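Asks: sharing a sequence plus its predicted fold:
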Amino acid sequence: MGTALGSLPATFTTKTARELGVHPRDLYRWRDDGDIIELSRAVYRRADAPQATYPDLLAVAHRAPRAIVCCVTAAAVHDLTDELEPTVQIAVSAAHNAVRIAFPPTTVLRFDPDTFELGIDEVEAAPGENVRIYDRGRTVVDLMRLRGRFGEPVAHAALNRYLHAPGARPALLLEYAKALDVFGPVRAALDVVSAR
């Protein structure tokens, strides 16, 4: 006897379903009948589950559980930018193999293993389902560090929004900047903003 759909978590992988006794035939039938939605290859969400705020982040987190949402994607989640990137940006430790995710479109950045865990936070991608993301300060510093890739305007806009939001911590930005070897540019940008 197969496992009932209701016994599966709201978001699950094919592997999880198989471990719970779901036959692939049932999985495909549920998908074809619209009882589950395929978020990514081998990642599904029950159609009766509460709506996900960030379904793409949820899908990517199930495909790459050690990855961390970063850069412009993280900035959008933290309301530090109005930019809309066509891909989900995730960081993986350079000490591990890179992941490849075709859907949702994903950009994988390899970060130094020594600072990979610096500034990790979580965002609720769906009710009761959290995804790892860099915190607001780390996101700003990463954008400053990678401004050649993502553009000076994106980095400076994120910095300005961060500094003008409640709870801004310029000293934390400098701590992150020192650890990530971008202290000079971050300090200079902070000086420009504070001089206005």
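Replies: In hand now; what should we look at?

Asks: ok, how many other residues are close to residue 94?
Replies: Residue 94: 13 surrounding residues under other CB atoms under 10 Å. To be clear about C-beta, it is placed using only N, CA and C from the backbone, and glycine gets the same treatment.

Asks: my read is that it contacts residue 115, right?
Replies: No - with contact defined as CB atoms under 8 Å, residue 94 does not reach residue 115; the gap is 10.5 Å.

Asks: and the pLDDT at the spatially most central residue of the chain?
Replies: The centroid of the chain falls nearest to residue 69 when counting by CA atoms, centre = their mean (2.2 Å). Looking at residue 69, its pLDDT is 96.

Asks: mind starting the numbering at 16 from now?
Replies: All right, first residue 16 from here; so that's residue 84.

Asks: check contacts around the closest residue to it other than its chain neighbours.
Replies: Closest residue to residue 84 apart from its sequence neighbours, by CB to CB, 6 or more residues apart in numbering: residue 148 at 4.0 Å. Taking CB atoms under 8 Å, 6 or more residues apart in numbering as the contact definition, residue 148 lies against 72, 83, 84, 85, 89, 92, 93, 135, 136, 137, 138.

Asks: just the buried ones from these?
Replies: 72, 83, 84, 85, 89, 92, 93, 136, 138 (16 or more other CB atoms under 10 Å).

Asks: what's the helix or strand for the closest residue in space to the fourth one that isn't next to it in sequence?
Replies: Yep, that's residue 85 we're talking about. Counting by CB to CB, 6+ apart, residue 85 lies nearest to residue 106, which is 4.2 Å off, once chain neighbours are set aside. Taking DSSP states H and E as the criterion, residue 106 maps to strand 103-108.

Asks: which residues touch that strand?
Replies: Strand 103-108 is contacted by residues 71-72, 75, 79, 81-89, 113-114, 116, 119-128, 131, 149 when judged by CB under 8 Å, 6+ apart.

Asks: among those residues, which are in strands?
Replies: The members of the contacts of strand 103-108 that map onto strands under DSSP state E are 83, 84, 121, 122, 123, 124, 125, 126, 149.

Asks: now the strands for this protein?
Replies: Using DSSP E, strands in the chain cover 26-28, 51-55, 58-61, 83-84, 103-108, 121-126, 135-141, 144-149.

Asks: and those, which is most packed in?
Replies: strand 83-84 (a mean of 26; mean count of other CB atoms under 10 Å).
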